[in-house]
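Q: Sharing a model prediction with you, sequence too.
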Amino acid sequence: MRVKISSLMMILMILQISKSQPLIVSPEEQSIDDDEAFASMVERESCYFPREDYLFRFRFGDLNFAARTDAFDWIFKAHSYYSFGPLSFCLAVNYLDRFLSTRELPSGKAWAVQLLAVACLSIAAKLEETSVPQSVEFQVEDPKFVFEAKTIKRMELMVLDTLNWKMNAVTPCSFIDYSLKKLCDYHNDNFYLSSSSNVVNRSMQLISSIIRGIDFLEFKPSEIAAAVAISVTAEIQSLDIDKACSCFIHLDKGRVKRCVDMIKENAVNNRNGNVGVVVVPQSPIGVLEAGCFSYKSDELTTTTTTTVVAVGSCANSSQITGIKRKKLDTSSSSPKLDS
């Protein structure tokens with residue numbers, strides 16, 4: 001079943017009216033027409049970065065890289081299942097990284113990773129897609145765990161609270177159209193106009209593949225978009241990379257060039273078809289033991305316990321029964337997540 005306007009979406013619409021900075025902006029409203037608008041969006045993108053130490057903590061083992069990869073792959077799978085647009089995908093990944101940089105997921109609790117992924121994609125779809133499934137319907141293709149709508153809603157609100165309701169994130173998708181047109185104008189070519197759909201689609205595919213890993217977290221969305229535009233253009237025609245990097249006057253040429261070089265290094269894996277492939281570990285058969293999901297921050301800790309049913313032997317998630325959720329403990333400082 002598809003839902004036109006959910007209660008969460010209604011909240012977002014009300015907040016949009018009440019705030020000068022809208023939370024929801026259509027792709028047309030986010031389009032960049034000139035260098036001034038581009039510079040303005042470059043300034044704004046820093047508001048939607050993960051914490052500064054996010055990449056450092058991954059590289060030194062303080063954060064679980066496998067958990068992020070599992071969440072990314074699940075988002076990719078569900079996003080592809082519903083054929084959503086690239087904007088909702090980039091938004092969901094942005095929410096995922098910002099959440100993980102702020103809150104700690106419990107180690108060894110794979111169901112917590114999936115629940116977070118469901119919530120991130122559900123919110124992103126509500127903001128960007130015209131036809132949105134019920135939250136429980138995001139659990140597609142024999143998910144390892146299945147959650148009730150109430151549980152997903154609580155997780156959505158936890159994500160919104162953690163990100164301070166700043167959901168109109170600036171992502172590489174926000175810059176890609178401008179970046180491609182900039183290269184076209186700079187080289188006085190008509191390749192973009194003659195094959196714009198193919199070029200944009202290829203750019204979106206490349207963005208989706210490179211943001212799966214953590215190495216590109218060191219770059220800003222604007223730098224990734226510029227590097228992707230250069231890389232895709234170079235696939236079509238000969239291109240002076242140094243000159244191409246120079247045409248983005250509001251960006252650091254050296255950083256854009258380094259991002260282009262990293263994309264080249266990543267090309268081997270892309271050709272082998274390994275990037276973006278969803279790998280979901282087999283789930284055990286039977287009922288999993290209840291586990292604790294602790295949301296940690298400086299001022300708030302909420303602990304809930306969830307009992308789920310594994311689906312390793314089921315043909316589809318509709319065959320699953322007996323799912324129970326029970327909230328065991330909520331501190332007095334935690335937000336009210338009940339409807």
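A: It's in. What you are looking at is a predicted structure, and each value in this text was computed from that prediction instead of being measured.
Q: Pull out the buried residues from stretch 236-251.
A: Neighbour-count burial for stretch 236-251, with 16 or more other CB atoms under 10 Å as criterion, is recorded at 239, 241, 244-245, 247-248, 251. The way it works is simple: take the backbone N, C-alpha and C, and place the C-beta from them, glycine included.
Q: same question, stretch 255-268
A: Neighbour-count burial for stretch 255-268 flags 255-260, 262-263, 266-267 (criterion: 16+ other CB under 10 Å).
Q: Same question for stretch 96-113.
A: So, applying 16+ other CB under 10 Å, buried residues of stretch 96-113: 96-103, 105-106, 109-113.
Q: Cross-reference these with the helices and report the matches.
A: Mapping those onto helices (DSSP state H) picks out 96-102, 110-113.
Q: For these, give me a markdown table that also has distance to Val170.
A: Formatted as a markdown table, these follow (distance: CB to CB, whole Å):
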| residue | distance to Val170 |
| --- | --- |
| Leu96 | 16 |
| Asp97 | 13 |
| Arg98 | 12 |
| Phe99 | 17 |
| Leu100 | 19 |
| Ser101 | 16 |
| Thr102 | 18 |
| Ala110 | 31 |
| Trp111 | 31 |
| Ala112 | 28 |
| Val113 | 25 |
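Q: Closest to Phe219 out of those?
A: The closest of those to Phe219 turns out to be Asp97 (CB to CB; 12.6 Å).
Q: Please name the residues that touch the closest one.
A: In this structure, Asp97 makes contact with 50, 54, 68, 217, judged by CB atoms under 8 Å, 6 or more residues apart in numbering.
Q: Just among those, which is most surrounded?
A: Arg68 (24 neighbours; other CB atoms under 10 Å).
Q: That one: what's it in contact with?
A: By CB under 8 Å, 6+ apart, Arg68 lies in contact with 58, 96-97, 100, 214.
Q: low pLDDT regions in this structure?
A: For the chain, the stretches flagged by pLDDT under 70 are 1-33, 186-195, 268-339.
Q: What are the neighbouring residues in contact with Phe175?
A: Taking CB under 8 Å, 6+ apart as the test, what Phe175 contacts is 32, 38, 41, 221-222, 225-226.
Q: for the strand or helix carrying it, which positions count as buried?
A: Here Phe175 sits within helix 172-187, counting by DSSP states H and E. Neighbour-count burial for helix 172-187 flags 172-184, 187 (criterion: 16+ other CB under 10 Å).
Q: Locate Glu36 within the secondary structure: which element?
A: Element membership of Glu36 [criterion: DSSP H and E] is helix 35-45.
Q: what's the angle from that helix to helix 172-187?
A: Helix 35-45 runs at 150 degrees relative to helix 172-187, counting by axes from the mean of the first three to the mean of the last three CA atoms, to 10 degrees.
Q: Show residues contacting helix 35-45.
A: With contact meaning CB under 8 Å, 6+ apart, helix 35-45 is reached by 30, 32, 170, 174-175, 178, 220-222, 249-251.
Q: Next, format the residues you listed as JSON lines and append secondary structure.
A: JSON lines is the format used below for those (DSSP: H, G, I helix; E, B strand; the rest coil):
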{"residue": "Gln30", "secondary structure": "helix"}
{"residue": "Ile32", "secondary structure": "coil"}
{"residue": "Val170", "secondary structure": "coil"}
{"residue": "Ser174", "secondary structure": "helix"}
{"residue": "Phe175", "secondary structure": "helix"}
{"residue": "Tyr178", "secondary structure": "helix"}
{"residue": "Lys220", "secondary structure": "coil"}
{"residue": "Pro221", "secondary structure": "helix"}
{"residue": "Ser222", "secondary structure": "helix"}
{"residue": "Ile249", "secondary structure": "coil"}
{"residue": "His250", "secondary structure": "coil"}
{"residue": "Leu251", "secondary structure": "coil"}
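Q: Next, give me the two most distant ones among those.
A: Going by CB to CB, the pair spanning the contacts of helix 35-45 furthest: Gln30 and Ile249, at 20.7 Å.
Q: mind giving me the domain ranges of this protein?
A: Here the domain parsing of the chain from automatic domain parsing is 172-271, 291-330.
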